[in-house]
Structures are given as structure tokens and as C-alpha cells.
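> what's the 3D shape of this:
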Amino acid sequence: LLALSLVDRERLLGGNWKIKPTSGTMFRRAWFEIVEAFPAECKMIRAWDKAATEGGGDWTCGVKIGIWHGITYVIDLQRQQGSPLQNENLIKLTAELDGRNTKIFMEQEPGSAGVDVIDHYSREVLRGYTFKGHKSTGSKVDRANPFSAHVEAGNVKVVKGHWNKVFFDELERFPSDDPKAHDDIVDACSL
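Model (predicted):
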């Protein structure tokens, strides 16, 4: 059931067979609760979706979440449109600020280039941190379905921050028929 899209859940659980799949159907701002803080006991994770387009195109995004008693707290968002070196520096600095108790995940692109990037980050950039590459399978929508269901169920809270508008705007537009629309934050959350 968690892997079903919002449209499929509406059809199967709500009996609403008139609903049509359109862009921006997976997340609604109203499903999130904004909170001032998160429990200190949370298990911390930072997930990165990398891009390498300086000054335009996709974003390198790092979403930090805390998990406590089945509730996910979105704590922080780091993002930039930088060169590979600028992104590497952002990821390294963010890891230092997050601390060694925060586990770090990064999408591993297909092929030997993806293996090389994960190896480089493991040995050079994030040495000493709990770090793992993750091979993504399926479409972006398929990968986002479990997170969407978790959000719709009221199990995701967002810590108030300057980045909230960017976060909500992207999630509410996903998926988009617009080829220029960004999905980098969604990809990091799905990871």
C-alpha cells in the first residue's frame, strides 16, 4: 500500500475513480506539520542527490532527517548549483557540521563512474563518517511513493527554517510535466 501513488490510493481506498493522474499529485503542503524543534534522541540521516551544473540546471541537494518513534523530522536542506569541486566542499562541510553521528547516503549513478564517485567520497571526502552509496532502481515517481504515503499519513514533520518554502514548492510540483522543473529535493527525500 505504501508503494501506491496518491492517485492509486484515492482510487482504491477512497473509491474516487474519477481522479486523474496529473503533475503535482504526490505531496500537499497541508500534510506536513511545521515544528519548532525535533527530539534530541532522533537517529540522524543526511541523503544527497548530486548534480554538477554550476549556475543553472539541477541542484545538489542534501536533506537531513531525524527519525524518532516512527515519525520523520525533516531538519535541514542544503542545496547549490555548483561545480563538482564546489559540491564536494559543500558535502564535506555539511558532514562536519552535522557530526559523525549522522549517517550519510548518496545516490550511486549507474556504471563504473558511479562506483568511482562513491569510492572517492568514501576514501577521501567523507573518510571517518558512516557513508554509503545507494543504487536507485525504478522511476523517480516509484521511488517517491513510499515517502509520499508516509507524508500523507501524517508521519513527517518539518522543522521551521529559511529553506521551507523551496522545499514545499518543489514537493507540491512533483511530478511535473515541465522538463525544466526540479525534482532534486524529492530525490534526496526518497533516498
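> Tell me the bridge partners for Gln80.
With DSSP bridges as the criterion, Gln80 is bridged to Thr60.
> What of Tyr73?
Gly66, Lys157.
> okay but it is in contact with Lys64, surely?
No - checked against CB atoms under 8 Å, the pair Tyr73 and Lys64 is beyond contact range at 9.1 Å. Backbone N, C-alpha and C define where each C-beta goes, glycine included.
> Now do the SS call for the residue most central in space within the chain.
Centrality entry for the chain: nearest residue to the mean C-alpha point is Cys189, 1.9 Å, by CA atoms, centre = their mean. Reducing the assignment at Cys189 to three states with DSSP: H, G, I helix; E, B strand; the rest coil gives helix.
> How about the contacts made by it?
Cys189 is in contact with 47, 63, 65, 74, 144, 147, 171, counting by CB atoms under 8 Å, 6 or more residues apart in numbering.
> Show me which of those are buried.
Applying a neighbour-count criterion of 16 or more other CB atoms under 10 Å, the buried members of these are 47, 63, 65, 74, 144, 147, 171.
> which ones among these are found in helices?
Among the buried ones among the contacts of Cys189, DSSP state H puts 144, 147, 171 in helices.
> So which of the residues you listed is the closest to Gly55?
For those, the residue nearest Gly55 by CB to CB is Leu171; the value is 24.0 Å.
> Can you tell me the closest non-neighbouring residue to the closest one?
In space, and not counting its chain neighbours, Leu171 is closest to Phe27: 3.9 Å by CB to CB, 6 or more residues apart in numbering.
> That neighbour - how many residues pack around it?
25 (other CB atoms under 10 Å).
> same question, Leu77
Neighbours around Leu77, by other CB under 10 Å: 21.
> Tell me which residues touch it, please.
Neighbours of Leu77 in contact, by CB under 8 Å, 6+ apart: 61-64, 161, 163, 166-167, 185.
> Can you tell me which of the residues you listed are buried?
61-64, 163, 166-167, 185.
> would you turn the ones in helices among the buried ones among the contacts of Cys189 into JSON lines with distance to Lys103 and pLDDT?
Below are those laid out as JSON lines (distance: CB to CB, whole Å; pLDDT from 0 to 100):
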{"residue": "Ala144", "distance to Lys103": "21", "pLDDT": "95"}
{"residue": "Phe147", "distance to Lys103": "17", "pLDDT": "96"}
{"residue": "Leu171", "distance to Lys103": "23", "pLDDT": "96"}
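> So which bits of whatever helix or strand Asp76 lives in are buried?
Assigned by DSSP states H and E, Asp76 belongs to strand 71-80. Within strand 71-80, the residues scored as buried using 16+ other CB under 10 Å are 71-80.
> Do me a favour and average the pLDDT over it.
For strand 71-80, mean pLDDT is 98.
> List of residues touching stretch 168-187?
Counting by CB under 8 Å, 6+ apart, 23-29, 32, 49, 51, 58-61, 63, 77, 79, 107, 136, 140-141, 143-144, 147, 158, 166-167, 189 sit against stretch 168-187.
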